[in-house]
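> Generate a structure from the sequence data that follows.
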Amino acid sequence: MAELISSRENQKIKYACKLQQSPAFREKEKLFFAEGPKLCLELAKGCINKVIYYTERAAEQYPEVLNLSGQQFLVTEPVAEKLAGVPSSQGVFGLFEMPNASLEDLKVKGHYLCLEAVQDPGNVGTLIRSAAAFGFDGVVCSTKCASPFGTKALRASMGAAGRIPIVLVADMPQAIQALKQKGIFTAAAALYQSKPLSEAKAPFKNGVALVIGNEGQGLKEETIRACDIAVRIPISKQVESLNAAAAGAVLTWHFRKEGMQE
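Numbers count the residues shown, from 1 in each chain. Just a heads-up that it's a prediction; the model follows:
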């Protein structure tokens with residue numbers, strides 16, 4: 001039977017809240033916090049569930065969470081409110097092991113999405129979801145990106161962060177060079193001094209890495225120079241640009257795997 005936690009000051013609850021709030025603490029502990037039954041169940045397909053918290057109400061509504069492998073705790077509604085940070089919640093929370101992928105783990109002939117300093121967590125999560133939707137093999141994030149394992153990014157990715165390898169790198173140009181050494185074609189998304197997207201056409205037999213930059217500043221010049229090509233999405237003159245999530249959806253669809261052409 002699951003242990004009952006009824007105090008909002010319980011150390012296990014404080015620990016979970018700190019994981020939710022602090023990217024540095026998540027990195028130190030190699031764990032991340034997730035909220036919601038659907039998200040926790042999706043993440044459990046690709047990440048190791050260490051702890052699951054749920055209310056009695058949630059256990060009745062979502063009995064499948066009781067089958068998750070992590071240590072289980074039954075929490076009262078006030079404790080769930082503290083975990084959620086709001087008065088109402090779905091009553092399910094999980095702690096998961098953070099995936100530990102590296103550039104060396106990325107296979108040749110793969111499709112990869114690279115994000116440099118994308119700072120909005122909703123954009124990061126949406127871009128990861130788009131990458132997973134169009135068959136990409138991994139996502140490379142610079143350390144200046146919003147954390148892919150923060151609450152907002154996880155919610156936007158809808159569990160995709162647990163199904164696709166995510167690599168964190170300090171230097172994106174160096175990461176691009178490492179991908180190019182694997183024979184992977186690299187394409188930077190840039191508004192200026194770039195070619196129309198139609199000039200970068202499949203098939204990419206040796207794989208492709210699509211590189212998207214910061215919402216306001218775009219990619220650094222050295223990052224663009226490191227890539228094989230810079231491409232832009234043709235849009236109406238009535239609009240200056242697309243936001244990162246919208247542009248990413250178009251670009252990941254364009255660079256999708258051959259098997260997803262139809």
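> Who are the contact partners of Ala156?
Residues in contact with Ala156 (C-beta atoms under 8 Å, 6 or more residues apart in numbering) are 121-126, 128-129. Any C-beta I mention is one placed from the backbone N, CA and C, and that applies to glycine too.
> Confirm it sits in a helix?
Yes. Per DSSP: H, G, I helix; E, B strand; the rest coil, Ala156 lies within a helix segment.
> Excluding sequence neighbours, find me the nearest residue to it.
Closest residue to Ala156 in three dimensions, ignoring its sequence neighbours and counting by C-beta to C-beta, 6 or more residues apart in numbering: Gly125, at 2.7 Å.
> and if you look at Phe32?
Phe149 (3.8 Å).
> Could you do Lys144 as well?
Ala117 (4.2 Å).
> can you tell me how far the one you found sits from Val86?
29 Å (C-beta to C-beta, to the nearest Å).
> which SS class is the residue nearest to Ala156?
helix.
> residue contacts, it?
Gly125 makes contact with 148, 152-158, 160-161, according to C-beta under 8 Å, 6+ apart.
> the helices in the stretch 51-200 of the chain, which residues?
For the stretch 51-200 of the chain, applying DSSP state H, counting those that start in this stretch gives helices covering 56-61, 77-84, 121-133, 151-157, 172-181.
> so which of those helices comes closest to Gly248?
helix 121-133 (4.3 Å; C-beta to C-beta).
> Okay, buried residues for the closest one please.
121, 123-133 (16 or more other C-beta atoms under 10 Å).
> Quick one: the helices of the stretch 51-200 of the chain as TSV, columns for mean pLDDT too.
Shown next, in TSV, are the helices of the stretch 51-200 of the chain (pLDDT from 0 to 100):
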stretch	mean pLDDT
helix 56-61	97
helix 77-84	95
helix 121-133	96
helix 151-157	94
helix 172-181	97
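> can you put those in TSV and add distance to Leu251?
Compiled in TSV, the helices of the stretch 51-200 of the chain are given as follows (distance: least, C-beta to C-beta, whole Å):
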stretch	distance to Leu251
helix 56-61	38
helix 77-84	34
helix 121-133	8
helix 151-157	17
helix 172-181	16
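> and Cys47, which of the ones you listed is closest to it?
Ranking the helices of the stretch 51-200 of the chain by proximity to Cys47 (C-beta to C-beta) places helix 151-157 first, at 10.5 Å.
> buried sites along that closest one?
Neighbour counts over helix 151-157 (16+ other C-beta under 10 Å) mark 151, 153-157 as buried.
> Thanks again, I'm all set now.
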